[in-house]
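> The sequence and its predicted three-dimensional model are supplied below.
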Amino acid sequence: MGAAFKGFGKNFAENLLKTTANPFVGLFIGILATSLVQSSSTTTSILVGMVASGVLTISNTVPIIMGANIGTTVTNTLVSLGHITRR
């Protein structure tokens, strides 16, 4: 996975580092990513690959992982709202 992220090129890494420099943006990226894939483990695994390949730094990754954990709660809430009218 690390080799695949290196294949995106230097511009991808620079844009990702600029985007995730703000912790609040990183938090919302984690929430959104986990809500889309519906798995915080998948999001965290992808982030570990990004750190291993040098695309992200550990300090930029921590808020995203926190957002991934919050995103799990968001996903559970959305699923439970879908069942609110069932008896």
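That came through, no problem. Numbering: from 1, shown residues only.

> residue ranges for the helices of the chain, please.
Assignment of helices within the chain using DSSP state H yields the ranges 2-6, 10-19, 23-37, 40-53, 58-82.

> buried sites along the last one?
In terms of neighbour count (16 or more other C-beta atoms under 10 Å), helix 58-82 has its buried residues at 60-65, 67-68, 70-72, 75. The way it works is simple: take the backbone N, C-alpha and C, and place the C-beta from them, glycine included.

> Serialize those residues to TSV and add fields for distance to Thr20 and pLDDT.
Supplementary listing: the buried residues of helix 58-82 in TSV, determined by distance: C-beta to C-beta, whole Å; pLDDT from 0 to 100:
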residue	distance to Thr20	pLDDT
Asn60	4	89
Thr61	8	92
Val62	10	93
Pro63	8	93
Ile64	7	91
Ile65	11	93
Gly67	10	92
Ala68	13	91
Ile70	16	90
Gly71	15	87
Thr72	20	87
Thr75	21	80
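
> where's the residue nearest to Pro63 when sequence neighbours are not counted relative to Thr34, distance?
The shortest distance from Pro63 to any non-neighbouring residue, by C-beta to C-beta, 6 or more residues apart in numbering, is to Gly26 (3.5 Å). In this structure, Gly26 and Thr34 are separated by 13 Å, where distance is defined by C-beta to C-beta, to the nearest Å.
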